[in-house]
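**Student:** Sequence below, structure please.
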Amino acid sequence: GGEGEDPRDGVRPGAVQRTPVKKKTLNPVWEGANRFNFAVVDPRKDVIRLEVLDQDFMGQEFLGRADLHLSNLQPKVATLRRLALTGDARARGTLEVLVRVLPLDDLSGGTREGAAKDKEEDILFHEDDEAGSTA
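**Tutor:** The predicted model follows:
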């Protein structure tokens, strides 16, 4: 990234972001570096879809999905949500997500330096179930 680039590039509606695979665990935890920013056009209507996959030597198995509705989140307040995974008739577990909705200007102050200083203000995600989540 060169000077003048927007630190929010790549954070657009429809973007897919992935966590690293956590091996040999039924309760993976991702922290710190696994923060994702998503551009939201209308927080009263927009939804972030989280999908969970199990990856093994045979490939990937879909374990479920959860939709995070932003309409009932208070702006600028970190909120922990526990979401049930759905996708078929079998119970698939839960996903625990810490999320904060911020105006784009609050994310970076309009500069890359501001984004680095304010990294704690990013939208945060913390998954708590099967490996290989995508959002």
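**Student:** For the chain, give me the ranges with low pLDDT.
**Tutor:** For the chain, the stretches flagged by pLDDT under 70 are 1-15, 32-33, 91, 104, 106-135.
**Student:** Please enumerate the strands of it.
**Tutor:** For the chain, applying DSSP state E gives strands covering 47-56, 59-69, 79-84, 94-99, 133-134.
**Student:** And the helices in the protein?
**Tutor:** Taking DSSP state H as the criterion, the chain contains helices spanning 104-108, 112-117.
**Student:** before we move on, back to that, any chance of the strands of the chain in TSV with mean neighbour count and distance to Pro20 as columns?
**Tutor:** No exception for glycine: its C-beta is placed from N, CA and C like everyone else's. Formatted as TSV, those follow (neighbours: other C-beta atoms under 10 Å; distance: least, C-beta to C-beta, whole Å):
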stretch	mean neighbour count	distance to Pro20
strand 47-56	16	10
strand 59-69	16	14
strand 79-84	13	20
strand 94-99	19	16
strand 133-134	21	10
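**Student:** mind putting those strands in a markdown table, distance to Thr19 included?
**Tutor:** Formatted as a markdown table, those follow (distance: least, C-beta to C-beta, whole Å):
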| stretch | distance to Thr19 |
| --- | --- |
| strand 47-56 | 10 |
| strand 59-69 | 13 |
| strand 79-84 | 15 |
| strand 94-99 | 11 |
| strand 133-134 | 5 |
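**Student:** Next, count neighbours for Trp30.
**Tutor:** Around Trp30 sit 16 other residues, with neighbours defined as other C-beta atoms under 10 Å.
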